[in-house]
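K.L.:
What shape does this take:
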Amino acid sequence: MLAYLVRRLLYAVPIILGIVVITFVLFFVVNKPDDMARRTLGPKATPEAVAAWVRAHGYDLPLFYNAKEKGLARLTSTLLVQKCGRLLVFDLGRSDASDRDIGQEIRRRMGPSLAIAIPSFLLGMTVNITIALIIAFCRGTYLDRWGTVVCVLLMSISALFYIIGGQFLFALWLRLFPISGFDWGAVSAKFVFLPVLIGVVAGIGGAVRYYRTIFLEETGKDYVRTARAKGLGEGAILSRHVLKNALIPILTDAVMVIPFLFMGSLLMESFFSIPGLGSMTITAIHAQDFAVIRSMAYMGAILYIVGLLMTDLSYTLVDPRITLGAGDTRSLYGRTSWRDVAKIVAGFVLLAAAAVGTWLAARHLSTLRLRVPVFDTAVLAATVLGFLAFLLHASRSDLWRNAWRQVCRSRLAKGSLAVLAVYIAIAVMDSVAWRDVDRSAIGAAGGAPASAAALSDPRSVLDRLGAPLASRTEKTYSAPLATRLLAKETVEVEEADGRIRLRRDYPPLKYPRWHLLGTDKTGQDVLYMTLKSVRTGLVVGGLTTLIAVPFAIFFGVVAGFFGGWIDDVVQYLYSTLSSIPWILLVVCFMLVFGQGLPQLCVVMGLTGWVGLCRVLRGETLKLREKEYVQAALALGMSRFRVLARHVTPNLMHLVLINVVLRFSGLVLAEAVLSYIGVGVGPGTYSWGTMINQARGELGRDPIVWWNLAAAFIAMFALVLPANLFGDALRDALDPSLRIRGKGE
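P.N.:
Next up, the predicted model:
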């Protein structure tokens with residue numbers, strides 16, 4: 001035990017150093033101090049103001065080496081040591097925005113965060129495990145089936161809607177709790193109850209569904225059948241045996257969450273104005289306070305490493321048979337040759353070069369004013385070609401054909417696929433665009449032929465079909481199918497005697513009963529905004545996955561098959577990335593590279609391959625020991641040919657399942673990122689932007705509810721079918737279910 005703890009602590013050292021290097025590269029190498037100053041001061045800041053800001057915050061030092069100093073100060077008087085190296089001794093420095101000591105601010109705000117997080121965690125674990133045990137106890141009954149459906153429904157709702165709905169129902173309408181604020185003492189319960197309740201309800205869907213799966217797997221074990229044969233009741237079996245033996249996966253989730261309780265909830269504290277660490281992080285993001293964001297990312301990484309250590313130790317407390325540090329992933333096929341290493345490095349270089357080349361090509365093509373936007377068309381063409389290639393591959397495989405037949409037997413799966421097809425069709429119509437020739441510009445040029453200067457902005461098929469919705473705008477808010485504006489204004493009214501008088505009234509709309517879902521503050525049609533946001537949701541879910549999957553397959557397969565030091569390097573790489581809280585890592589990248597839909601997809605893709613990589617690595621560790629793999633190697637087939645022809649194809653069902661189930665999470669994540677200000681740009685339609693705009697509209701009198709309702713219904717109608725279809729596809733590709741079906 002002691003030797004294992006020492007090894008784990010030593011293993012954490014390079015991870016922490018890697019985190020420091022990542023933050024240094026992001027905030028000081030890629031994003032220069034002058035760029036940070038301009039982001040803070042604004043684009044119109046003078047060079048003198050920029051230089052003064054850099055000096056005031058201590059960013060005027062060299063990066064690695066200070067030739068003006070003498071001795072050791074040449075290395076220590078640098079940005080690497082003063083701004084990032086000091087994090088190693090928890091010297092977090094001072095805020096760029098408020099100049100407050102960040103360490104003292106964290107200690108002051110830790111209490112309110114814990115006051116919300118600890119009750120939410122303990123009550124949530126109790127409720128989720130209890131409900132999952134009840135559903136598992138009633139396996140195969142209506143309670144089980146409807147309970148699973150309700151879990152999927154709850155999973156398909158964004159956390160933003162839980163918070164906004166809870167505030168509106170319990171605070172604004174019923175007035176049972178204050179809508180925001182926090183105070184210590186006897187009155188703290190009324191401020192804490194509603195955030196805790198919302199946090200528990202928001203986590204029920206995913207947690208209960210996960211725990212139910214674990215409990216059902218345990219109920220199929222031999223010791224459960226033995227207990228039943230001895231006459232032990234189902235309740236006693238679940239409480240005494242199943243729950244105890246299912247604690248390891250439960251502890252994996254629970255113990256990992258404990259250290260992050262100190263970090264607080266960004267959304268909850270922001271909505272309820274709780275002065276905790278979450279609201280501190282949100283404020284830093286909005287103010288572009290790089291020092292606070294850098295410190296919170298480092299603290300999150302430290303807490304992640306502590307959580308890993310606590311998780312491993314909890315395993316031994318639950319099951320004494322577990323021996324820490326006994327695993328060995330070295331390959332049975334001998335050491336990895338330098339030729340194999342060279343091929344792996346070449347493959348990684350090609351993959352990285354393809355990613356960088358795609359990014360540079362996208363930036364260049366987006367600046368060209370051609371008749372057809374090249375970037376959007378290329379992305380659409382690549383997606384369609386990739387889908388057709390997959391269909392061709394699946395049509396030749398018995399596994400995929402049988403899985404498709406099983407999916408088609410489910411009416412729910414077919415209905416979900418039909419809904420997804422509608423969304424895809426809308427996104428395709430919004431992606432196929434071209435520029436019209438500006439006749440007025442041609443005339444001004446004296447009849448010159450069409451050129452880039454004589455082309456209008458690109459308009460998609462959806463823009464052209466929805467032109468009446470886009471062009472028929474109102475002055476401000478109007479309810480769905482209304483004939484007048486929502487708010488009263490001073491209007492001129494002609495009396496019977498012909499005189500004009502002023503009075504307060506609801507002005508008539510220019511287009512009465514035309515706006516099916518009403519209009520927003522600027523008078524735009526909400527239905528049109530909702531349809532335009534479909535493409536953003538699908539692009540975030542689809543393009544992000546296309547970026548993440550190649551990295552996950554490459555690193556997961558290579559690490560699992562070759563093992564040894566190659567596996568150690570890959571594990572170090574994804575452990576370092578996953579140690580930084582995902583949302584903070586995305587925030588760091590977005591603050592450096594700027595907002596925008598392409599930037600968001602690239603950042604989420606490059607940071608989102610870790611989970612799938614772990615799954616593929618674990619499965620490859622099992623596949624490499626199969627007889628057909630050993631036979632292929634014994635016959636002289638090269639290792640990379642075995643990977644390409646025998647290992648990777650047998651992982652594709654896991655890739656597809658992960659892609660489908662991950663898609664809904666990415667759509668929900670885009671809404672959260674857009675709400676906190678690091679999502680798509682302000683000129684891009686998205687459901688997250690609509691939610692952000694609608695947040696304050698529920699407090700108006702009268703209430704403006706249709707903007708939020710439209711975003712909620714559109715997201716829910718996309719995420720729910722994606723989850724249902726993913727479940728059906730997972731069941732169709734599950735090996736145990738296929739074997740059981742043949743037996744029947």
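
K.L.:
and L176, how many residues sit next to it?
P.N.:
A count of nearby residues for L176, using other Cβ atoms under 10 Å, gives 11. C-beta here means a position set from N, CA and C on the backbone, and glycine is covered the same way.

K.L.:
which element is it on?
P.N.:
For L176, there is no helix or strand it lies in under DSSP states H and E.

K.L.:
Thought F170 was touching it, still the case?
P.N.:
Yes. With contact defined as Cβ atoms under 8 Å, L176 and F170 form a contacting pair (5.0 Å).

K.L.:
Overlap of the contact sets of those two?
P.N.:
Between them, L176 and F170 have L194 as joint contacts when contacts are counted by Cβ atoms under 8 Å, 6 or more residues apart in numbering.

K.L.:
Tell me how far the most centrally placed residue in the chain lies from T383.
P.N.:
The residue lying closest to the centre of the chain (Cα atoms, centre = their mean) is A669, at 3.9 Å. A669 is 20 Å from T383, where distance means Cβ to Cβ, to the nearest Å.

K.L.:
Also S460?
P.N.:
S460 is 16 Å from T383, where distance means Cβ to Cβ.

K.L.:
can you give me the strands in the stretch 451-600 of the chain?
P.N.:
459-460, 489-494, 500-505 (DSSP state E, counting those that start in this stretch).

K.L.:
could you say what helices and strands the second one packs with?
P.N.:
In other words, strand 489-494. Helices and strands touching strand 489-494, as assessed by 3 or more Cβ pairs under 8 Å, 6 or more residues apart in numbering; DSSP states H and E, comprise strand 500-505.

K.L.:
got the angle for the strand it packs on vs strand 489-494?
P.N.:
The directions of strand 500-505 and strand 489-494 differ by 140 degrees, with axes from the mean of the first three to the mean of the last three Cα atoms, to 10 degrees as the criterion.

K.L.:
coming back round to it: what sits against the residue nearest to the centre of the chain?
P.N.:
V540, M604.

K.L.:
wait, isn't N692 in contact with V678?
P.N.:
No. If you go by Cβ under 8 Å, N692 and V678 don't touch, sitting 11.7 Å apart.

K.L.:
More neighbours: these two, which one.
P.N.:
Per other Cβ under 10 Å, whichever of N692 and V678 has more neighbours is V678, with 22 against 18.

K.L.:
Give me the nearest residue to the more buried one, chain neighbours excluded.
P.N.:
Of all residues not flanking V678 in the chain, M590 sits nearest, at 4.1 Å (Cβ to Cβ, 6 or more residues apart in numbering).

K.L.:
so what pLDDT did the one you found get?
P.N.:
We have a pLDDT of 78 for M590.

K.L.:
ok, and for stretch 192-200, which residues are buried?
P.N.:
Neighbour-count burial for stretch 192-200, with 16 or more other Cβ atoms under 10 Å as criterion, is recorded at V192, L194, P195, V196, L197, I198, G199, V200.

K.L.:
again, but for stretch 715-732
P.N.:
Along stretch 715-732, the positions that meet the burial threshold by neighbour count (16+ other Cβ under 10 Å) are 715, 718-732.

K.L.:
Same check on stretch 563-571?
P.N.:
Of the residues in stretch 563-571, G563, I566, D567, V570, Q571 count as buried by neighbour count, 16+ other Cβ under 10 Å.

K.L.:
Could you report the neighbour count for A171?
P.N.:
Residue crowding around A171 was assessed by other Cβ under 10 Å; the count is 17.

K.L.:
my bad, L243
P.N.:
L243: 19 surrounding residues under other Cβ under 10 Å.

K.L.:
correct me, but it touches A132?
P.N.:
No. Counting by Cβ under 8 Å, L243 sits too far from A132 to count as a contact (9.6 Å).

K.L.:
Name the residues contacting each of these two.
P.N.:
When contacts are counted by Cβ under 8 Å, 6+ apart, L243 and A132 have F215 as shared neighbours.

K.L.:
In CSV, could you pull the C-alpha coordinates for stretch 76-84?
P.N.:
Taking only C-alpha atoms (Å, rounded to 0.1, in the frame of the first residue of the first chain), the coordinates of stretch 76-84 have been written out as CSV:
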residue,chain,number,x,y,z
THR,A,76,13.6,33.0,-12.1
SER,A,77,12.8,36.5,-13.3
THR,A,78,10.7,35.2,-16.2
LEU,A,79,7.0,34.7,-16.9
LEU,A,80,7.4,30.9,-16.7
VAL,A,81,8.6,31.0,-13.1
GLN,A,82,6.8,34.1,-11.8
LYS,A,83,3.3,33.4,-13.3
CYS,A,84,3.2,29.7,-13.8
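
K.L.:
Report the rounded mean pLDDT for that stretch.
P.N.:
87.

K.L.:
got it, and stretch 393-407?
P.N.:
Mean pLDDT, stretch 393-407: 79.

K.L.:
Give me the contact list for that stretch.
P.N.:
Judged by Cβ under 8 Å, 6+ apart, the contacts made with stretch 393-407 from elsewhere in the structure are A413, K414, L417, H653, F725, A728, L729, D731, A732, L733, R738, G741.

K.L.:
distance from the centroid: which residue in this structure tops it?
P.N.:
For the chain, the residue at maximal distance from the C-alpha centroid (Cα atoms, centre = their mean) is D497, at 64.6 Å.

K.L.:
from the buried residues of stretch 192-200, which is closest to C613?
P.N.:
Of all the buried residues of stretch 192-200, the one with the least separation from C613 (Cβ to Cβ) is G199, at 29.6 Å.

K.L.:
was I right about A171 contacting G181?
P.N.:
No. Taking contact to mean Cβ under 8 Å, the distance of 10.6 Å between A171 and G181 leaves them out of contact.

K.L.:
just to revisit the earlier point, return the member of the buried residues of stretch 715-732 nearest to I703.
P.N.:
Comparing the buried residues of stretch 715-732 against I703 with Cβ to Cβ picks out M715 as the nearest, at 20.2 Å.

K.L.:
From T544, how far off is the closest one?
P.N.:
Here the criterion is Cβ to Cβ. By it, M715 lies 16 Å from T544.

K.L.:
Keep only those of the buried residues of stretch 192-200 that are in helices.
P.N.:
Under the assignment DSSP state H, the buried residues of stretch 192-200 contribute V192, L194, P195, V196, L197, I198, G199, V200 to helices.

K.L.:
so the third one touches I116, yeah?
P.N.:
Yes. Checked against Cβ under 8 Å, the pair P195 and I116 is within contact range at 5.1 Å.

K.L.:
Give me the common contacts of the two.
P.N.:
S265, M268, I274.

K.L.:
Which residue comes closest to the second one once chain neighbours are left out?
P.N.:
Spatially, and ignoring its direct neighbours in sequence, M268 is nearest to P195 (5.1 Å; Cβ to Cβ, 6+ apart).
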